[in-house]
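Q: sequence first, then the predicted structure:
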Amino acid sequence: MDTLVTYAVDGHVARLTLDSPHNRNALSTRLVEQLYAGLRDAAADAAVRTVLLGHTGGTFCAGADLSETSDGDPLETTAARARELATVLRAIVESPVPVVAAIDGHVRAGGLGLIGACDIVVAGPRSTFALTEARIGVAPAIISLTLLPKLSPRAAARYYLTGETFTAATAAEIGLITIATDHLDTAVAGVVADLGRGSPQGLAASKALTTADVLAGFDRDTERLTQESARLFVSEEAREGMLAFLEKRPPHWLR
């Protein structure tokens, strides 16, 4: 099996790196499974005080892997993938170890859900962000579990609907990320050093205070959003939108 997410422990830091640059670290089933396994391993390691989530290539995560196919009922298959994504997002939120994302590249669609789940997000100057789901006939359903608690309502409405690209500075202003910086490594090192001064119990208990409402949203809304996501992805309009994206042409509603 190809390694799409690398895992390494350096002192008190577990480094999880999305390493599938050939498809811009898209959220394939295998990548999601390996990310979940790394989060589980980090949570089980008593020496780890911080999980540092990074990436190779110029894109942190491009969102769903639109080229991925499988046998079986399309609705059930799509629902299963939505549940897989919800599971890994919840694992980030539930992790007793703080999860810090270090980004210096593009973040699209489902990739924003990953960073929304993280406790602290530091983004460098090459970072850009966009929620492009509406442009292909779907919606940011599952990732709303981690995005809507972080974004202001006005920002959520604007970027959910327009699909426009925005910068790290804007992402910080609207609550999506924590720090926008021109010196990513220095900023990340400072955050990691500060977290390293916390006790395991103190970090876990303090994090739990900040995530209780988010987890309540998972309990309440995951299955509803899973069904909504699946319904949209198997629709004729979404099929046209995804095919147009893969073929690099305008969808029929723009002709």
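A: Received the coordinates, thanks.

Q: who are the contact partners of the residue nearest the centre of the chain?
A: The chain has residue 114 as the residue nearest its centroid, 1.6 Å off, counting by C-alpha atoms, centre = their mean. If a contact means C-beta atoms under 8 Å, 6 or more residues apart in numbering, then residue 114 has 53, 60, 61, 88, 89, 92, 101 as its contacts. In this view, the C-beta of every residue, glycine as well, is placed from N, C-alpha and C.

Q: next step: these restricted to strands.
A: Cross-referencing the contacts of residue 114 against strands under DSSP state E gives 53, 60, 61, 101.

Q: from the residues you listed, which is closest to residue 9?
A: Nearest to residue 9 among the ones in strands among the contacts of residue 114, counting by C-beta to C-beta, is residue 53 at 13.9 Å.

Q: can you show me the CA trace of the particular helix or strand that has residue 37 in it as CSV?
A: According to DSSP states H and E, residue 37 maps onto helix 29-44. C-alpha atoms of helix 29-44 as CSV (Å, rounded to 0.1, in the frame of the first residue of the first chain):
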residue,chain,number,x,y,z
THR,A,29,-10.2,6.8,1.1
ARG,A,30,-6.6,5.6,1.6
LEU,A,31,-5.4,9.1,2.6
VAL,A,32,-8.2,9.5,5.1
GLU,A,33,-7.6,6.0,6.6
GLN,A,34,-3.9,6.7,7.0
LEU,A,35,-4.5,10.1,8.5
TYR,A,36,-6.9,8.6,11.0
ALA,A,37,-4.4,5.9,11.9
GLY,A,38,-1.7,8.5,12.5
LEU,A,39,-4.0,10.5,14.8
ARG,A,40,-4.8,7.3,16.7
ASP,A,41,-1.1,6.5,17.1
ALA,A,42,-0.3,10.0,18.4
ALA,A,43,-3.1,9.9,20.9
ALA,A,44,-1.9,6.6,22.3
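
Q: which residues are contacting that helix?
A: Helix 29-44 is contacted by residues 1-5, 7, 9, 14, 16, 18, 20, 25, 48, 51, 65, 68, 81, 84-85, 87-88, 91-92, 95-97, 99 when judged by C-beta under 8 Å, 6+ apart.

Q: for PyMOL, what selects the buried ones among these?
A: Of the contacts of helix 29-44, the buried ones go into a single PyMOL selection, burial set by 16 or more other C-beta atoms under 10 Å:
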select buried, resi 4+5+7+14+16+18+20+25+48+51+65+81+84+85+88+91+92+95+97+99
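
Q: in helices, which of the contacts of helix 29-44 appear?
A: 81, 84, 85, 87, 88, 91, 92 (DSSP state H).

Q: quick check: the second one vs residue 222, distance?
A: Think residue 84. 12 Å (C-beta to C-beta, to the nearest Å).

Q: residues near residue 61, how many?
A: 28 (other C-beta atoms under 10 Å).

Q: count of residues packed around the residue nearest to it when sequence neighbours are not counted?
A: Closest residue to residue 61 apart from its sequence neighbours, by C-beta to C-beta, 6 or more residues apart in numbering: residue 111 at 2.9 Å. By other C-beta under 10 Å, 29 other residues sit near residue 111.
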